[in-house]
Every structure is written in C-alpha cells, then in structure tokens.
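Q: Need coordinates for the following:
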Amino acid sequence: MKSHYKDFFSLNGRTAVVTGAVGILGQGFCRGLAEFGAQVAVVDLDQDRCSKFAAELQQDYGVSAIGICCDVANPSSVGGMVAQVVSRFGAIHVLHNNAASKSSDLDAFFASTEEYSLAEWRKIMSVNVDGMFLVAQAVGKQMQKQGTGGSIIQTASIYGIVSSDKRIYEGSFYLGRQISNPAVYSTSKAAVVGLTRYLAANWGDSGIRVNALVPAGVESGQNDTFKSRYSARVPLGRMAKADEMVGALVYLASDASSYVTGHCLVVDGGLSAW
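A: I've put the predicted structure just below:
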C-alpha cells in the first residue's frame, strides 16, 4: 500500500493561534501555518497591524484569518482572545505560544546583573512567563473542552538551555546600541522549558501535546562584530535565518509529530553540541 507521508504535515481544517504574531519571527510562523492550510488567529498588541497582516494571509494563502489585539499578561484579555477565536472558528487545534518581551526601556533591559531593577525583572517575567502560562492555561482548557486534543508549541530560546557567552557581546551592537543577554531573558526562557514539560506530562491524557521550539540567534540587524563572534561559536558557521524556524513549527503543529510531546526541538546550527 502506498503511503502518503506528506499528508501528515497538512493543517487543513485546523485553527492555529499565534501570539507575538507580527514580530520578527511571528510573521513567518503565521505564513508557514497558513501555507499548510491552517486558519490563523494573528494575536499581538497592535490591533491595526494584526488586522492588516491577517488580511495578507487570507489574500496570499486563501485561508481564513483574524487579527486580535491581546495583552498576554492580562487574564481577562487572554480569555477574551480565546472566546473571540472560538466564536469565529469554532475550535482551537494549534497554539503557538510565541509572545515575549524585551522591554521598551532598553537601558533598563540591558542593565548589568548587579544593577538590574526588580521592577524591570517583573515586567519581563509578566510577559515571558506569566503570559506564557495564561495563554497555555486558557487554550489548554478550551482544547480539553473540545475533547479532540491539540498541539501547543511554546517558543523558548537557546539561552534557556545553555548560557550565553559574554565574550561575543564585546563591541556588539543592535539597532544602534550596545547589547548583551540579561539574566532575566535566560531565566524566563528556561521557565518556558520547565512549563512545557510540566504541561506535556499533565495534559497527555487529554491528547494535548506540548513542545518547545528552541531557536538560536537569528540574524536581524546585528552588527558585523556580533555576527562574526556568534557565528564562530556555531558548527554551521553562521546565524540562523528567520525562515529556518518555520519548518520546525509546522512539524510540531502537525500530525507528523503525533508521538512527540514534552520535547525541546532545538534549531541552533549545532551551537549546543559543543
């Protein structure tokens, strides 16, 4: 009997919610899900950008899409978002829990560990950890109510499983300013890994799979010093391109990964191999 393995990757008839959907990686994630047939809820803080991008998805891929403004750190906002998706599409089959914050106050965000303020720490954690939990909680509850299982993918980071090397940040600039990797970012992304494994173990009996997508450094405007120093730490010898994360997401969202849960799919060019 001839097999049809490519059908395992089909998302036809499924609804996917993507938070952080209009960010650097989020738009590619939404496009990938739509290209494989999913209806997409484009969720982020800017309603106008969400609505415009949802319209692009509908035009480019012929799928239904909706833009929804949501503050993932606000329980009532999250609850309203889930209700809006269900009202429009009837069910949620895939969640890409992707929203994260790096703060609008870059001086506070990139402060040294010794001088880091508790207020800034809590602000980042409210999105990267609290928001991750609140969205997973609300969507997981909806998936249990539906009784058909589902796939939840949570965006962690390579810096949630290994430490950053501070030497690569010497003379490194992004968007015109000196950058570093603050402790709050690594800590928040490590928490995503822990939450992912907990939810996978506890929701498996409901047919809900929970996995983490773990990207490494994606090229997005860093200066040549950073790119060369970072690339020297990577066996493949370069930073990632944003599109190189999309295939991993589609795999985890689809039936191609039907027996995969509690897993961290690391897309790092081999950085964590040595």
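
Q: and His215, how many neighbours?
A: For residue 215 the amino acid is Pro, not His. 21 (other Cβ atoms under 10 Å). For every residue, glycine as well, the C-beta is placed using N, CA and C.

Q: Please tell me I have it right and it contacts Ile24.
A: No: under the criterion of Cβ atoms under 8 Å, Pro215 makes no contact with Ile24, lying 10.3 Å away.

Q: The residue nearest in space to the middle of the chain and Val250, how far apart?
A: The geometric centre of the chain, computed from its C-alpha atoms, lies nearest to Asn98 (Cα atoms, centre = their mean), at 2.6 Å. Using Cβ to Cβ, to the nearest Å, we find Asn98 at a distance of 14 Å from Val250.

Q: what stretches of the stretch 1-150 of the chain score poorly on pLDDT?
A: Within the stretch 1-150 of the chain, the stretches with pLDDT under 70 are 103.

Q: switch to 90 and redo it
A: Along the stretch 1-150 of the chain, segments meeting pLDDT under 90 span 1-4, 24, 101-112.

Q: and the longest helix belonging to the chain, which residues are buried?
A: Scanning the chain for the helix with the most residues, using DSSP state H, yields helix 183-203. Neighbour-count burial for helix 183-203, counted by 16 or more other Cβ atoms under 10 Å, picks out 184-193, 195-197, 199-200, 203.

Q: Just give me the closest of these to Arg167.
A: Nearest to Arg167 out of these is Ser186 (Cβ to Cβ; 15.9 Å).

Q: Got the confidence number for the closest one?
A: The pLDDT attached to Ser186 in the predicted structure is 95.

Q: Do I have it right that it meets Ile158?
A: No: counting by Cβ under 8 Å, Ser186 does not reach Ile158; the two are 9.6 Å apart.

Q: show me where the stretch 1-150 of the chain has strands.
A: Assigned by DSSP state E, counting those that start in this stretch, the stretch 1-150 of the chain shows strands spanning 15-19, 39-44, 65-69, 94-97, 150-155.

Q: can I get the ones you listed in CSV with mean neighbour count and distance to Ala136?
A: Putting the strands of the stretch 1-150 of the chain into CSV (neighbours: other Cβ atoms under 10 Å; distance: least, Cβ to Cβ, whole Å) gives the following:
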stretch, mean neighbour count, distance to Ala136
strand 15-19, 30, 10
strand 39-44, 29, 13
strand 65-69, 22, 17
strand 94-97, 29, 6
strand 150-155, 26, 6
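
Q: This protein: helices as residue ranges?
A: Using DSSP H, helices in the chain cover 26-35, 47-61, 75-89, 106-109, 118-125, 132-146, 183-203, 224-231, 246-253.

Q: tell me the angle of the last one relative to strand 150-155?
A: This points to helix 246-253. 140 degrees (axes from the mean of the first three to the mean of the last three Cα atoms, to 10 degrees).

Q: quick check, distance from helix 246-253 to the centre of its chain.
A: How far helix 246-253 lies from its chain's middle: 11 Å, per Cα atoms, centre = their mean, to the nearest Å.

Q: Kindly calculate the angle that it makes with helix 26-35.
A: Relative orientation of helix 246-253 and helix 26-35, computed by the same axes, to 10 degrees: 60 degrees.

Q: mind exporting helix 246-253 as CSV, just the C-alpha atoms?
A: C-alpha atoms of helix 246-253 as CSV (Å, rounded to 0.1, in the frame of the first residue of the first chain):
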residue,chain,number,x,y,z
VAL,A,246,9.2,27.7,10.3
GLY,A,247,9.7,24.0,9.3
ALA,A,248,10.2,23.0,12.9
LEU,A,249,7.0,24.8,13.9
VAL,A,250,4.9,23.1,11.1
TYR,A,251,6.3,19.7,12.2
LEU,A,252,5.3,20.3,15.8
ALA,A,253,1.9,21.6,14.9
